[in-house]
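>>> Got a predicted structure plus its sequence, pasted below:
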Amino acid sequence: MDDLRAPRQSDERPCPVCGLSRASSEHVISCQADRIQELGRQVEGLTQELAALRQRLSVYENSNSPPSKNSLLYREMKNKRRAERMGGGDDENSPLKKPGRKDGHVGVTQVFAPTGSPIVHTMDRCPKCNSTRLSVTSTERRTVVDVPEPLPYTVREHVVNVYRCSGCGADELVPESARRELPSSSVLATGKKGNGVLTLGRNVLSTISLLWSIARLPQRKISYVIESLHHLNLSAATVGHALENVSHSLEAFHEKVRKKVNASKKANFDETGMPVAGRRGWIWIAATKRHAFVQVAMSRGADVLQRYFPKFRGVATVDGWKSYRYFLVLQRCWAHPLREAEILALRTKGRGKEEAEYLLSSLRAIFHETKSGLKEHPPPNRSLHYRMLRRLRALLSKEYTDADVLKLVSKLREASMDLFTFTLYRGVEPTNNHAERQLREPIVHRKIRGQLKCEKGTEMFSRLMTAVSTWKLQGLNPFLEFKRYV
């Protein structure tokens, strides 16, 4: 009978966790519980790491990031826009528009008027057989545009008589001819540093300023260029002192531009980071149609706006930074929410992608219809203002489920009252592109120089950038303008 009983199933079996060949059920359960706890800790760590990486990525992939920081994302955006225009796929092999001007456009060729009589090239003898029996078979014309060869530097000694008036008692009077011929820094030094004051002339100071501000060269390369062109050997320290003198000469001009912006009816404002002596500083820009005020400050708060623009009562076109609430009338930039919605439409998936695409297309429609309405009925157009504001609020009142889309909707609700200001004031742009364009040159300087090293450096940077940006807006020659002020 014992041989006929069913064999008893053993409680021991291989453990799938630790690999033990003969393990009890209790051992297997214990190993699996430990493994679950270990996997839970790994999932928690990976979740925290993913959140940190997303936080770091948000610095680059947001509506305020320039394309240079974020080339992959902007490449996707560019392909998407191209596909929408062409009606094809969104891959890189989809057909492209023909680059350049459209067919039928009248070409434009740059023409230079000759500055002298033509130079006629003739030949008396054949270079091969030395024969004089030559005849002209054809005539060709070539126009060569060139500049004069740089001249070596000159040294002139100016003897300046300093006068005192016995009639009124005025002292240290300098002849007007000296003020015309000498740089302002040299005139101010007259009678204070004694004889033999050596200074750089207006042409040298203007060239140094032009190479620093427009060509963005460091001081040692400025020294090398001037030596190569004019055989004038200047140390990098001398170049630095020359830039300080130019900065001092531009102090009144810098203040004049600030007052112009402060009194304007509309202006664009923006800011970006700028390291100063290892600390976090900020480049502020305030631009009108003819003036651009640049100022480096150690704060990003409203105290900077209060210090430099206490009497500004115009329309301020700005982005979403909270410090700009200092101004009474705002025009929020449309480019930022449109770009942010476009990023969400590219990055999110599933239901969130559908919501982001719907929000993006609706915002674009509202924006373009508002601009079209202003072409027919220019500002102030209150009926268009309230109609589009109601339409935007209706769009934002819909139900959304994606967290990122809800965050964007919340921003738009907060900014809705300031998005259509351009329909009420003539000449106000719906985007802040003007300020961002004026900020490009200081940003390139930041990339090249890395940081500003002292307070004098911030003053010099602010004044020279204000000068060249304003002169560019006014279509003036920066070299000649530097000569006027130094």
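Thanks, I have the structure now. These numbers were taken from a predicted model, which means no experiment stands behind them. Numbering: from 1, shown residues only.
>>> all strands for this protein, in order.
266-276, 279-287, 292-297, 315-318, 329-332 (DSSP state E).
>>> TSV please, covering those and showing mean pLDDT.
As requested, those are arranged in TSV below (pLDDT from 0 to 100):
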stretch	mean pLDDT
strand 266-276	96
strand 279-287	96
strand 292-297	97
strand 315-318	97
strand 329-332	97
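>>> so which of those comes closest to D171?
strand 292-297 (36.5 Å; CB to CB). Where C-beta positions appear, they are placed from N, C-alpha and C, glycine not excepted.
>>> domains in the protein, as residue ranges please.
Domain assignment for the chain by automatic domain parsing gives 159-195, 251-331+432-485, 334-423.
>>> Would you mind telling me which of the ones you listed is nearest W212?
Using CB to CB, the nearest of those to W212 is domain 251-331+432-485, at 6.9 Å.
>>> what's the span of that closest one from first residue to last?
Terminal residues of domain 251-331+432-485 lie 10 Å apart, using CA to CA, to the nearest Å.
>>> which stretches of the chain aren't confidently modelled?
1-12, 58-99, 185-197, 348 (pLDDT under 70).
>>> Of all residues in it, which one is nearest the centre?
The residue lying closest to the centre of the chain (CA atoms, centre = their mean) is R440, at 2.8 Å.
>>> ok, now how distant is that one from Q331?
21 Å (CB to CB, to the nearest Å).
>>> Go through the strands of the chain and pick out the most buried.
Among the strands of the chain, the stretch with the highest mean neighbour count (mean count of other CB atoms under 10 Å) is strand 315-318, at a mean of 26.
>>> That one pairs with which strands, and in what direction?
Using DSSP bridges, strand 315-318 pairs in its sheet with strand 266-276 (parallel), strand 329-332 (parallel).
>>> possible to save those strands as CSV with distance to N477?
As requested, these are exported to CSV (distance: least, CB to CB, whole Å):
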stretch, distance to N477
strand 266-276, 25
strand 329-332, 33
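>>> Out of those strands, which gets nearest to T470?
strand 266-276 (13.0 Å).
>>> what's the single longest helix in this protein?
The helix that spans the most residues within the chain, counting by DSSP state H, is helix 25-58.
>>> In that one, which residues are buried?
Going by neighbour count (16 or more other CB atoms under 10 Å), the buried part of helix 25-58 is 27-28, 31.
>>> what about the residue nearest to E369 when sequence neighbours are not counted, distance to N262?
Spatially, and ignoring its direct neighbours in sequence, E369 is nearest to M388 (7.2 Å; CB to CB, 6 or more residues apart in numbering). With distances taken as CB to CB, M388 is found 31 Å from N262.
>>> just I366 next, same as before
Applying CB to CB to I366 and N262 gives a distance of 33 Å.
>>> Next: R180.
32 Å.
>>> Neighbour count: these two, which is higher?
Taking other CB atoms under 10 Å, R180 and N262 do not tie; N262 has more neighbours (17 against 8).
>>> can you tell me how far that one sits from E172?
N262 is 35 Å from E172, by CB to CB.
>>> same deal with P148?
From P148 to E172 the distance is 40 Å (CB to CB).
>>> between those two, who's got more neighbours?
The residue with more neighbours, out of P148 and E172, is E172; 10 against 5, by other CB under 10 Å.
>>> surely that one meets V160?
No: look at E172 against V160 with CB atoms under 8 Å: they stay out of range, at 10.8 Å.
>>> coming back round to it: mind listing what the residue nearest to the centre of the chain touches?
Contact partners of R440, counting by CB atoms under 8 Å, 6 or more residues apart in numbering, are absent.
>>> ok, so what distance separates it from S410?
31 Å.
>>> what does Q42 give?
For Q42, the distance to S410 - CB to CB - is 34 Å.
>>> now swap in T370 and tell me
22 Å.
>>> go on, L344?
13 Å.
>>> Compare these two (neighbour count), which wins?
L344 (22 against 11).
>>> Please name the residues that touch that one.
With CB under 8 Å, 6+ apart, L344 has these contacts: 352, 356, 359-360, 402, 404-405, 408.
>>> among those, which ones are buried?
Applying 16+ other CB under 10 Å to these, the neighbour count classes 352, 356, 359-360, 402, 404-405, 408 as buried.
>>> Let's see which of the residues you listed end up in helices.
When helices are assigned by DSSP H, the members of the buried ones among the contacts of L344 inside them are 352, 356, 359-360, 404-405, 408.
>>> of those residues, closest to T109?
Nearest to T109 among these, with distances taken as CB to CB, is L360, at 42.3 Å.
>>> Now the closest one: closest residue in space, sequence neighbours ignored.
A341 (4.0 Å).
>>> can you count the residues close to the nearest residue to V276 once chain neighbours are set aside?
Spatial nearest neighbour of V276, chain neighbours left out: L452 (4.8 Å); criterion: CB to CB, 6+ apart. Residues near L452, counting by other CB under 10 Å, number 22.
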